[in-house]
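Asks: Structure of the sequence below:
(one chain, ligands or ions: 1)
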Amino acid sequence: MELNAHIPSGPLSEKWDKHRFELKLVNPANKRKFEIIVIGTGLAGSSAAASLAELGYHVKIFCIQDSPRRAHSIAAQGGINAAKNYPNDGDSIQRLFYDTIKGGDFRAREANVYRLAQISNHIIDHCVALGVPFAREYGGLLANRSFGGAQVSRTFYARGQTGQQLLLGSYSALSRQIALGNVEMFTRREMMDLVVINDHAKGIIVRNLVTGKLERFGAHAVVLATGGYGNVFFLSTNAMNSNVSASWRSYLKGACFANPSFTQIHPTCIPVHGSFQSKLTLMSESLRNDGRVWVPKESKDKRLPKDIPESERLYYLEKKYPSFGNLVPRDVASRNAKEQCDAGRGVGETGYAVYLDFRDAIARDGKSTIEKKYGNLFQMYERITGENPYDVPMKIYPAVHYTMGGLWVDYNLMTTIPGLFALGEANFSDHGANRLGASALMQGLADGFFVIPYTIGNYLNGQSQPNIDTSHEAFKEAEVATNERIYRLMSIDGKRTVDDFHKSLGHIMWEYCGMARNESGLEQALSKLPELREEFWENLKLPGSSENFNQSLERAIRVADFMELGELMVLDALEREESCGCHFRQEYQTDENEALRNDDEFCYVSVWEHQEDDEPQLHTESLNFENVQLSQRSYK
Ligand SMILES: Cc1cc2nc3c(=O)[nH]c(=O)nc-3n(C[C@H](O)[C@H](O)[C@H](O)COP(=O)(O)OP(=O)(O)OC[C@H]3O[C@@H](n4cnc5c(N)ncnc54)[C@H](O)[C@@H]3O)c2cc1C
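Replies: This next block holds a predicted model:
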């Protein structure tokens with residue numbers, strides 16, 4: 001397979017402009033004749049659907065939830081980055097570009113990341129125009145705060161509810177187009193398969209989650225904005241419905257999967273507190289603007305935090321990384337928390353937690369200032385743990401949060417199947433081996449509002465317009481195969497619930513392909529995963545029927561795909577014999593236990609192609625750095 005990322009030539013700062021000029025356009029009268037399917041109503045999907053409909057295309061949009069507003073994006077807390085430089089603290093497009101490339105440990109494309117930084121400023125203007133109520137300074141300018149991996153304040157926010165406010169903005173734009181009849185909205189529909197005709201994406205099979213019926217939809221292009229797959233680990237901060245199925249089914253139909261093992265572990269989550277838990281809760285990274293991370297210097301110190309004097313506290317991030325302190329990137333903060341806990345200095349009942357302490361910030365700025373900035377997060381923490389973080393430090397521990405891997409896309413966001421595009425967290429995109437905080441919202445909205453409206457036209461320009469005939473054999477075959485899959489799942493009649501299997505899968509993934517990985521563990525995972533998958537198909541118990549609303553069946557369909565994805569993630573982690581960003585292979589570390597890259601051999605994107613009766617085939621996309629110097633990442 002030949003991978004062509006279609007990166008435009010010319011100076012970095014002019015590539016996107018030049019490309020936009022060179023892209024073919026679709027005549028306004030012809031736009032009406034094209035149908036586009038968008039799957040997903042998170043920030044990426046809703047912004048794409050609204051913009052494409054605004055251009056004149058006819059859009060059909062689908063989501064699992066009963067309302068587009070319940071997409072996982074609603075959960076995003078801390079903020080969205082942009083290089084506006086409002087605080088006048090030295091920011092620029094170049095700096096946002098550099099921080100993001102470095103934050104991803106030099107495993108992302110320069111051209112994509114630069115475009116993202118350029119577009120970041122437009123996103124903020126556009127969202128303000130949509131009515132998003134970003135926090136403001138006294139004088140009226142939009143306020144900023146700091147996130148990890150940056151020494152400037154460039155994060156725009158709406159308290160701890162930035163995702164919610166942004167989604168309400170893009171949902172309003174989407175609703176306007178629904179009301180105008182340019183977008184048809186299909187809720188409670190799950191994409192079950194992609195339909196490919198003559199090697200081009202031409203439609204989808206969806207399951208109506210209320211009636212259980214399978215439905216066919218044809219289009220001239222299909223846009224996946226189906227989010228990330230962190231739930232492969234069972235416990236994660238993702239919404240319960242987040243899944244990989246749309247991407248995975250597309251992978252099985254020929255869309256390559258890139259860097260599947262790059263998983264972000266977020267350092268500030270409420271620690272696991274029992275074996276019956278099905279969800280983990282994030283405490284936004286924004287808290288590290290004011291909260292100080294520490295553990296007792298003595299291991300196994302069981303004293304209450306208030307009884308541990310200042311001299312006996314270890315502010316390990318501030319000590320080890322004086323330049324960035326508590327705002328080191330997530331992979332670095334997570335690994336250091338694990339290191340402290342592994343050394344016996346962890347706190348709380350399990351010893352798998354560190355303190356995030358606001359005592360000094362409250363003394364400095366007053367309780368009401370802290371409350372204004374983080375009130376809803378403090379409230380959420382207290383509701384879950386029963387402890388008041390104004391009085392006692394929060395206890396936090398790393399948890400699975402985001403997946404940098406995803407469907408491989410070129411500069412136009414097109415996958416290796418012509419006519420199939422992937423946006424937002426669903427693509428492997430711009431974050432390399434580690435995403436900086438507040439960059440996912442930026443990327444999702446950049447893809448949806450500002451990239452796809454240009455690039456999809458370039459593809460459609462060459463396509464003929466007759467409506468897609470859903471009685472085509474390819475639709476029939478995809479529907480029959482989906483029906484058979486569902487029938488097979490329903491008829492296993494075994495003994496274990498789907499959640500039980502999911503938990504076992506998550507355990508293997510976390511243990512062997514989580515925050516730290518090594519060859520022997522990954523090999524073990526590769527032998528355990530097929531065994532678990534085999535048992536799943538022999539011993540699954542599903543209640544109810546497939547002909548109506550059945551959430552156990554929905555989960556089983558998703559978990560079956562997670563089981564296959566898990567193996568690809570492990571293969572990917574095993575193949576990459578270096579450490580980079582979140583991918584920490586214990587065999588490859590510096591003397592100071594930082595990730596040790598091997599640029600000579602692994603400066604590439606791993607791109608996996610499904611093979612019908614064989615192991616997936618690895619292709620590589622070389623990463624060429626012409627504008628930044630590859631260096632050992634340092635936050636000291
Ligand atoms: C708790 C939390 C807090 C976060 N905070 C921040 C933050 O402050 N800043 C930041 O930049 N990032 C943050 N992130 C990351 C960010 O929220 C996500 O990466 C981003 O919202 C993903 O948006 P998306 O549009 O790609 O997908 P999603 O919002 O996940 O939307 C996916 C959509 O696809 C639909 N879907 C999925 N599969 C199917 C299918 N098979 N058929 C039909 N529909 C399907 C779903 O119904 C949904 O509508 C946070 C993440 C978490 C978990």
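Asks: For the stretch 201-350 of the chain, which segments count as strands?
Replies: 214-218, 221-224, 257-258, 263-269, 292-296, 313-314 (DSSP state E, counting those that start in this stretch).
Asks: How about residues contacting the first one?
Replies: With contact meaning C-beta atoms under 8 Å, 6 or more residues apart in numbering, strand 214-218 is reached by 35, 37, 60, 62, 189, 192, 195, 202-208, 467-470, 472, 475, 479, 482-483. Using the backbone N, CA and C atoms, a C-beta is placed for each residue, glycine as well.
Asks: quick revisit: going by mean pLDDT, which of the strands of the stretch 201-350 of the chain comes out lowest?
Replies: Mean pLDDT across the strands of the stretch 201-350 of the chain is lowest at strand 263-269; the value there is a mean of 94.
Asks: just the strands of the stretch 201-350 of the chain: most buried one?
Replies: Of these, the one with the most neighbours on average (mean count of other C-beta atoms under 10 Å) is strand 221-224, at a mean of 30.
Asks: That strand: partners in the sheet, and parallel or antiparallel?
Replies: Neighbouring strands of strand 221-224 in its sheet, by DSSP bridges, are strand 35-39 (parallel), strand 420-422 (parallel).
Asks: Can you pull the residues of the stretch 1-150 of the chain lying near the ligand?
Replies: Within reach of the ligand by C-beta under 6 Å from any ligand atom, the stretch 1-150 of the chain has these residues: 39-45, 62-65, 71-73, 75-80.
Asks: make it 5 Å
Replies: 39-44, 62-64, 71-73, 75-78 (C-beta under 5 Å from any ligand atom).
Asks: before we move on, the earlier item: compare the strands of the stretch 201-350 of the chain and give me the one nearest Asp561.
Replies: Asp561 lies closest to strand 257-258 among those, at 11.8 Å (C-beta to C-beta).
Asks: what residue ranges in this protein are flagged as low confidence?
Replies: Low-confidence segments of the chain, defined by pLDDT under 70: none present.
Asks: next one: the helix ranked longest in it to chain centre, how far?
Replies: With DSSP state H applied, the helix covering the greatest number of residues in the chain is identified as helix 551-575. Distance, stretch centre to chain centre, for helix 551-575: 16 Å (C-alpha atoms, centre = their mean, to the nearest Å).
Asks: Which other helices and strands does it contact?
Replies: For helix 551-575, the packing partners by 3 or more C-beta pairs under 8 Å, 6 or more residues apart in numbering; DSSP states H and E come out as strand 189-197, helix 245-252, helix 473-490, helix 498-513, helix 519-539, strand 604-609.
Asks: next helix or strand past it?
Replies: Scanning forward in sequence from helix 551-575 by DSSP states H and E, the next helix or strand is helix 599-602.
Asks: can you count the residues close to Tyr138?
Replies: When counting by other C-beta atoms under 10 Å, one arrives at 6 neighbours for Tyr138.
Asks: isn't there a helix covering it?
Replies: No: under DSSP: H, G, I helix; E, B strand; the rest coil, Tyr138 sits outside any helix and is assigned coil.
Asks: Let me see the backbone angles for it.
Replies: Dihedral angles of Tyr138 (phi, psi; degrees, to the nearest 10) stand at phi -50, psi -40.
Asks: so how far is Thr281 from it?
Replies: Distance of Tyr138 to Thr281, given as C-beta to C-beta, to the nearest Å: 32 Å.
Asks: and what of Ser606?
Replies: Applying C-beta to C-beta, the value for Ser606 to Thr281 is 31 Å.
Asks: So these two - more neighbours on which side?
Replies: Ser606 (25 against 17).
Asks: so who does the more buried one touch?
Replies: Ser606 sits next to 258-260, 572, 575-576, 618, 620 when contact means C-beta under 8 Å, 6+ apart.
Asks: one more time with 7 Å
Replies: 258-259, 572, 575-576, 618, 620 (C-beta atoms under 7 Å, 6 or more residues apart in numbering).
Asks: What's the separation between it and Cys513?
Replies: Computed as C-beta to C-beta, the Ser606 to Cys513 distance reads 14 Å.
Asks: One more: Asp613?
Replies: Distance, Asp613 to Cys513, by C-beta to C-beta: 25 Å.
Asks: ok, the two, which is more surrounded?
Replies: Neighbours per residue, other C-beta under 10 Å: of Asp613 and Cys513, the larger number sits with Cys513, 28 against 4.
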